[in-house]
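Novice: Build me a structure from this.
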Amino acid sequence: MMSKLRFRIYLFRPLIPQNTGNIGRLCVGFNSGLSIVGQPGFNIDDKSLRRAGLDYWPKLDFEHIPDENVWIPPKRCFIVSKFSEKCLFNVNFQQGDSFLFGQETKGMEFFPEKIKAKLPTFSIPMSPNIRSFNLANTASMVLLEATRQLMKKSAL
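Specialist: Sure thing, here's the model as predicted:
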């Protein structure tokens, strides 16, 4: 029997199937779910997506929400944005939290403003020497920190 999911990653219109496949594999490893919001820039059955997720893809709690305008964010959903002033390490994560990531090239530029304006944001600290981190790497940093916090709370 599968235990309750820890977290859920939402990807807004992802473009690179390998990133999505890697994030899917990561979600299985962290007992978390993956959702794609909007139309991805690739076919969800893409061979590259399956190759990156390897044999873990069938074990993934996955959903596709084709129309981002009808998506209703869960109660505790955070946008991960390099423009946020709040740092990942200053957020108190809880089981069931969700994390929304923008498109690899445009971020949240085309995400519905009525939803975006209501969601809290946080960023990952990074050197000014780079523009951004890779999407799959960013998702792994977020899931690792959120899981670390849950494990620390359960050890008390």
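Novice: Which parts of the biggest helix by length in the chain count as buried, going by neighbours?
Specialist: Determined from DSSP state H, the single longest helix within the chain is helix 135-154. By neighbour count with 16 or more other C-beta atoms under 10 Å, helix 135-154 contains the buried residues 135, 136, 138, 139, 140, 142, 143, 145, 146, 147, 149, 150. For glycine as for every other residue, the C-beta is placed from the backbone atoms N, C-alpha and C.
Novice: give me the low-pLDDT residue ranges for the chain?
Specialist: 1-3, 46-54, 156 (pLDDT under 70).
Novice: ok, which stretches of this structure are strands?
Specialist: 8-12, 33-37, 62-65, 77-80, 98-101, 121-122 (DSSP state E).
Novice: Serialize these to CSV and add fields for distance to residue 71.
Specialist: Formatted as CSV, those follow (distance: least, C-beta to C-beta, whole Å):
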stretch, distance to residue 71
strand 8-12, 8
strand 33-37, 5
strand 62-65, 5
strand 77-80, 10
strand 98-101, 10
strand 121-122, 17
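Novice: Of all those strands, which one is nearest residue 45?
Specialist: Closest approach to residue 45 among those (C-beta to C-beta): strand 62-65, 11.1 Å.
Novice: What strands line up against that closest one, and which way round?
Specialist: strand 33-37 (parallel) (DSSP bridges).
Novice: could you check the angle strand 8-12 makes with the strand it pairs with?
Specialist: Going by axes from the mean of the first three to the mean of the last three C-alpha atoms, to 10 degrees, strand 33-37 is angled at 20 degrees with respect to strand 8-12.
Novice: ok and strand 33-37 relative to helix 135-154, angle-wise?
Specialist: Going by the same axes, to 10 degrees, strand 33-37 makes 140 degrees with helix 135-154.
Novice: re the thing from before, closest to residue 109 out of the strands of the chain?
Specialist: strand 8-12 (9.7 Å).
Novice: any residues touching that closest one, and which ones?
Specialist: 20, 23, 27, 32-38, 40, 61, 68, 73-74, 77, 97-103, 108, 111, 135, 139, 142-143 (C-beta atoms under 8 Å, 6 or more residues apart in numbering).
Novice: Please pick the buried ones from those.
Specialist: Buried among those (16+ other C-beta under 10 Å): 20, 23, 27, 32-38, 40, 68, 73, 77, 97-103, 108, 111, 135, 139, 142-143.
Novice: Tell me which of the strands of the chain lies nearest to residue 129.
Specialist: strand 77-80 (20.0 Å).
Novice: Sweet, I'm off.
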